[in-house]
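Trainee: Got a predicted structure plus its sequence, pasted below:
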Amino acid sequence: MADVTADDGALRRFLHGLPGVDKVGLEARATALGTRSIKTTAKAYAIDLAVSMIDLTTLEGADTPGKVRALCAKGIHPDPTDRTVPKVAAICVYPDMVATAKEALAGSGIHVASVATAFPAGRAALPVKLADVRDAVAAGADEIDMVIDRGAFLAGRYRSVFEEIKAVKEACARPEGGAAHLKVIFETGELQTYDNVRRVSWLAMLAGADFIKTSTGKVAVNATPPVTLLMLEAVRDFHAATGVQIGVKPAGGIRTTKDALKYLVMVNETLGGPWLTPDWFRFGASSLLNDLLMQRQKLSTGRYSGPDYVTVD
Ligand SMILES: O=C[C@H](O)COP(=O)(O)O
């Protein structure tokens with residue numbers, strides 16, 4: 001693929017040259033994939049897969065070290081009475097909680113993800129955003145979830161967004177070698193059109209995103225099936241054009257097993273097996289795990305357990 005990022009004009013021409021999104025077709029595809037039925041054995045497998053793909057999240061101003069430690073314990077053993085339940089993929093916290101989470105998760109293999117770049121609004125000068133990222137990486141973050149500057153994107157300043165993502169990617173490097181993985185959050189609920197979602201997906205992937213993520217969970221409209229499907233298709237097309245595999249993370253408002261399974265069907269149908277692992281697909285969610293545990297219990301015993309079975313966050 002030619003270097004479409006060589007200068008401002010080339011980048012703009014490329015992004016505006018992407019095919020326009022057929023809104024009706026996209027929404028119909030997302031609805032159709034959401035109505036596929038899943039057989040009981042496949043459902044049990046899919047529930048455990050979904051658990052293993054969760055970035056178990058707490059992003060509240062009132063977060064305390066105790067709350068973060070409790071969340072980490074839950075991520076390691078989601079059901080203390082049943083050690084066959086898999087662990088989650090990551091615990092997602094603000095940068096000042098990274099060290100606490102890192103310590104609580106030591107030896108578990110669960111990653112610490114941290115939001116950065118003045119999450120959730122993304123409104124700060126670049127040096128402040130980069131300091132935020134370096135702080136989280138120095139504290140031990142394995143993954144950085146940055147937010148893009150939606151104002152710049154909507155004003156058509158694509159180069160600025162591109163350069164910011166590149167700079168954040170560089171700030172993810174650890175002095176001792178290696179780097180935190182970079183997830184780029186679009187806040188799709190603020191991007192106004194599906195065409196913008198397709199453009200920003202390509203922009204982020206060209207700039208070096210390891211993952212593209214829908215939302216912060218902090219605005220009115222968060223992850224939706226059509227937007228996620230559009231991003232999965234962009235990842236498929238980027239892979240076909242460059243050979244580079246990029247991960248996808250819908251986040252915000254995904255609370256039920258039914259919804260999670262719809263997303264897994266979309267991944268399977270759009271990208272296939274290579275993406276059906278926690279390395280390449282995640283759910284950003286604070287309460288989805290509880291519903292997955294309840295449905296898992298229902299599948300194995302035929303009934304829902306009592307209200308004390310899962311911890312209520
Ligand atoms: O990235 C994760 C989201 O902030 C979680 O949103 P949620 O509380 O709606 O699950």
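Mentor: Yes, it's here. Numbers count the residues shown, from 1 in each chain.
Trainee: Three-state assignment for the residue of the stretch 101-250 of the chain found nearest the ligand, please.
Mentor: Here the residue of the stretch 101-250 of the chain nearest the ligand is Gly217; by Cβ to the nearest ligand atom that distance is 2.4 Å. C-beta here means a position set from N, CA and C on the backbone, and glycine is covered the same way. Three-state call for Gly217 (DSSP: H, G, I helix; E, B strand; the rest coil): coil.
Trainee: How about the contacts made by it?
Mentor: By Cβ atoms under 8 Å, 6 or more residues apart in numbering, the contact list for Gly217 reads Thr57, Leu59, Pro120, Ala251, Gly252, Gly253, Gly284, Ser286.
Trainee: Not counting residues beside it along the chain, what's closest to the fifth one?
Mentor: In this structure, Gly252 finds its nearest non-sequential neighbour in Asn222, 2.6 Å apart by Cβ to Cβ, 6 or more residues apart in numbering.
Trainee: Quick check on the one you found: phi, psi?
Mentor: phi -110, psi -140 (degrees, to the nearest 10).
Trainee: Check the gap between the spatially most central residue of the chain and Ala113 for me.
Mentor: For the chain, the residue nearest the mean C-alpha position is Lys249 (2.6 Å; Cα atoms, centre = their mean). As judged by Cβ to Cβ, to the nearest Å, Lys249 and Ala113 stand 9 Å apart.
Trainee: Overlap of the contact sets of those two?
Mentor: Asp55, Lys183.
Trainee: which residues of the stretch 151-300 of the chain fall in strands?
Mentor: Secondary structure of the stretch 151-300 of the chain (DSSP state E, counting those that start in this stretch): strands located at 181-185, 211-213, 247-249, 283-285.
Trainee: Give the pairing partners of the first one; include direction for each.
Mentor: Strand pairing for strand 181-185, using DSSP bridges, gives strand 143-147 (parallel), strand 211-213 (parallel).
Trainee: do the longest one and the ligand meet at all?
Mentor: No. Judged by Cβ under 6 Å from any ligand atom, strand 143-147 stays clear of the ligand, getting no closer than 7.0 Å.
Trainee: what sits up against that strand?
Mentor: 90, 92, 111-122, 129, 133, 136-137, 165, 168, 172, 180-185, 187, 211, 213, 216, 284.
Trainee: Tell me the confidence at Gly302?
Mentor: On pLDDT, Gly302 comes in at 83.
Trainee: Just send the strands of the stretch 151-300 of the chain back as TSV, with mean pLDDT and distance to the ligand too.
Mentor: Converted to TSV, those look like this (pLDDT from 0 to 100; distance: least, Cβ to the nearest ligand atom, whole Å):
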stretch	mean pLDDT	distance to the ligand
strand 181-185	98	8
strand 211-213	98	7
strand 247-249	98	8
strand 283-285	98	3
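Trainee: Go through these and pick out the most buried.
Mentor: Most buried of those, by mean neighbour count (mean count of other Cβ atoms under 10 Å): strand 283-285, with a mean of 29.
Trainee: Which elements pack onto that strand?
Mentor: On a contact count with 3 or more Cβ pairs under 8 Å, 6 or more residues apart in numbering; DSSP states H and E, strand 283-285 meets strand 54-57.
Trainee: Give the rounded mean pLDDT of the helix or strand that comes right after the strand it packs on.
Mentor: Sequence order places helix 65-76 as the next helix or strand after strand 54-57, per DSSP states H and E. Averaging the model's pLDDT scores along helix 65-76 yields 98.
Trainee: Helix 65-76 and the ligand, are they touching?
Mentor: No. Contact of helix 65-76 with the ligand (Cβ under 6 Å from any ligand atom) is absent, the minimum separation being 12.2 Å.
Trainee: With stretch 111-127 instead?
Mentor: No. Residues of stretch 111-127 contacting the ligand under Cβ under 6 Å from any ligand atom: none, with a closest distance of 7.7 Å.
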